[in-house]
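Asks: Using only what follows, build the 3D model:
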Amino acid sequence: MGVNRSINDERSGRSFLQDWAMSDESSIGVGHFFETLKSSRRLQLIEEVNTTLAGSMPSHPDSLIDTLEELGGIDIYAGDGHYHAAGVHDAPIKGKRRAVGHFYTLNYRTHALTHLTAADLQGGRKKSEHDMHALKRMSSGQLRQGAAKGRQVLYVWDCAGTDMRQWYKWKQAAGVYFLSRAKDLMKITCYGEIEFDREDPINAGVLADQHAATETTGVMMRYIRYQCPRYGTLWADRFKSVLVEGSGNPLQTMAAYIDLNSVRAGLVEDPKDYRFCGYAEAVAGASSAVRGLKRIWADHDPDPRGPLRAHRLLLFGKGASATSGGKATVIGRDKALEVLEREDGALPRATLLRCRVRYFSDGAILGSAEFVRGFTGAWQRERGRKRPPKVNPLVGGDWGDLVVIQSLRRSVFT
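Replies: Predicted structure coming up:
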């Protein structure tokens, strides 16, 4: 029964038990299943099988660990605790069913998930168990997870796994190391710099590698200051990813929306006056920007000046031309929002693009109906939905054939 539950695709235990009761194998009762789980001998056997299986798995094809020679002799795990709601079969503790906690590790090389231990609630005296408290209960052999003698083991844990003195003991006694982020209030004193090759791409983002210790423990450690080289103006917390069809109206509209970022932010009135703008570079004659516009408007006009003229028309609306300075009469953003708040309010696309449009940040997949429908199956499977999602046409004006997969019901325009 346990094997069937593991390989069955039912999403809940209740659903599985209902199907099990109607199957030909229902002679094995639910009570028998839970009684067998109480056997300490059987639990030990399962743990041994799991450890052996996890240790024999080959490197995962998506893992990059094997490409780094420096990590060849190290087993690397990501670890964390996880709590989930109590099941109906869990015994109440002091009249309440407590959340069930477990601690897991993921092998970075093989992508094998291993169960380390269950949280000890000490007979109900605690609602949860701290990560480090659970790790200290474990033996050195358990933490090494079957690693060969002389092989180092590295755990990557969040701040809940920080205890410098304990780290030192594990390192000395078992060759087990920990990597974590420094806590916000942790006072660290640096005692010297460690030289490293700043030109090596593997060290991109490393600001300093230092010998350091905390004021409370005095245990010496490596303290690395790092800033992600891909984090900043372009890739920060507010960034959202949208899959855009790579040709025609979807690509052209998204490109125009991006070029108008500086206008919506109130930095300039014309995007050509903003130095960090692809349209501005194309107007100035930058070859890469011109090639980009030609790629975006490849299906529009064979005239060499066509892409720039077509893009300007989308940015500024009908009437935009070289003699008018590239501009047409476009109503302001406040007036546009007023129109859109009315029932069945509609505006030209050039005006809509001057508003913040959530379709371009929260729509998830943007394109023609045929393009977006091609992803409905994957969208349904990844989110566990019973039915495939509908494609949602953009509202508020003449968007052409544009649709998104994410339904947006409120505050589409701001």
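Asks: For the stretch 201-350 of the chain, which segments count as strands?
Replies: 206-214, 220-226, 243-244 (DSSP state E, counting those that start in this stretch).
Asks: Of those, give the one that comes closest to Asn4.
Replies: strand 243-244 (37.2 Å; Cβ to Cβ). Using the backbone N, CA and C atoms, a C-beta is placed for each residue, glycine as well.
Asks: on that earlier part again, tell me which of the strands of the stretch 201-350 of the chain sits nearest to Lys390.
Replies: strand 243-244 (17.0 Å).
Asks: Quick one: list the elements packing against that closest one.
Replies: Applying 3 or more Cβ pairs under 8 Å, 6 or more residues apart in numbering; DSSP states H and E, one finds that strand 243-244 makes contact with helix 248-259, strand 365-367.
Asks: Need the CA coordinates for the helix or strand following the last one. CSV is fine.
Replies: Spelled out, it's strand 365-367. As assigned by DSSP states H and E, the chain's next helix or strand after strand 365-367 is helix 369-373. What follows is helix 369-373 as a C-alpha-only set of coordinates in CSV (Å, rounded to 0.1, in the frame of the first residue of the first chain):
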residue,chain,number,x,y,z
ALA,A,369,-4.2,33.2,-29.2
GLU,A,370,-2.5,30.3,-31.1
PHE,A,371,0.9,31.0,-29.4
VAL,A,372,-0.6,31.3,-25.8
ARG,A,373,-2.8,28.1,-26.3
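Asks: going forward, begin numbering at 46 instead of 1
Replies: Will do, 46 is the new start, and the previous item becomes helix 414-418.
Asks: one step back: any chance of the strands of the stretch 246-395 of the chain in JSON lines, plus distance to Gly124?
Replies: Formatted as JSON lines, the strands of the stretch 246-395 of the chain follow (distance: least, Cβ to Cβ, whole Å):
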{"stretch": "strand 251-259", "distance to Gly124": "21"}
{"stretch": "strand 265-271", "distance to Gly124": "18"}
{"stretch": "strand 288-289", "distance to Gly124": "32"}
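Asks: Val457 reaches Val402, doesn't it?
Replies: Yes. The pair Val457 / Val402 is scored as a contact, 6.7 Å apart, by Cβ atoms under 8 Å.
Asks: circling back to that earlier point, make a markdown table out of the strands of the stretch 246-395 of the chain and add distance to Ile52, mean pLDDT and mean neighbour count.
Replies: Listed next are the strands of the stretch 246-395 of the chain as a markdown table, based on distance: least, Cβ to Cβ, whole Å; pLDDT from 0 to 100; neighbours: other Cβ atoms under 10 Å:
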| stretch | distance to Ile52 | mean pLDDT | mean neighbour count |
| --- | --- | --- | --- |
| strand 251-259 | 44 | 92 | 16 |
| strand 265-271 | 42 | 92 | 15 |
| strand 288-289 | 32 | 90 | 16 |
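Asks: re earlier: out of the helices and strands packed on strand 288-289, which is the most enclosed?
Replies: With neighbours taken as mean count of other Cβ atoms under 10 Å, these reach their highest mean count in strand 410-412, at a mean of 24.
Asks: Remind me what that strand packs against, helices and strands.
Replies: For strand 410-412, the packing partners by 3+ Cβ pairs under 8 Å, 6+ apart are strand 288-289, helix 293-304, helix 414-418, strand 448-449.
Asks: So what touches the second one?
Replies: Surrounding helix 293-304, the residues in contact under the criterion Cβ atoms under 8 Å, 6 or more residues apart in numbering are 287, 289-290, 316, 322-324, 341-342, 344-345, 355-356, 359-360, 394, 398, 402, 405, 411-413, 416, 444-447.
Asks: Quick check: the gap between the closest residue to His105 other than its chain neighbours and Ile52.
Replies: Excluding the flanking residues, the one nearest His105 by Cβ to Cβ, 6 or more residues apart in numbering is His156, at 4.1 Å. Look at His156 and Ile52: by Cβ to Cβ, to the nearest Å, they are 19 Å apart.
Asks: hmm, back to that, so if I had to pick from Val457 and Val402, which one is more boxed in?
Replies: Comparing Val457 with Val402 by other Cβ atoms under 10 Å, the one with more neighbours is Val402, at 21 against 17.
Asks: Can you check the pLDDT for Glu386?
Replies: pLDDT for Glu386: 63.
Asks: Next: the one 4 residues further on.
Replies: At Gly390 the predicted local distance difference test score is 61.
Asks: Outside of the longest helix seen in the chain itself, which residues are in contact with it?
Replies: As assigned by DSSP state H, the longest helix anywhere in the chain is helix 85-101. Helix 85-101 is contacted from outside by Thr81, Leu82, Asn152, Thr155, Ala157, Leu158, Thr159, His160, Gln190, Gly191, using Cβ under 8 Å, 6+ apart.
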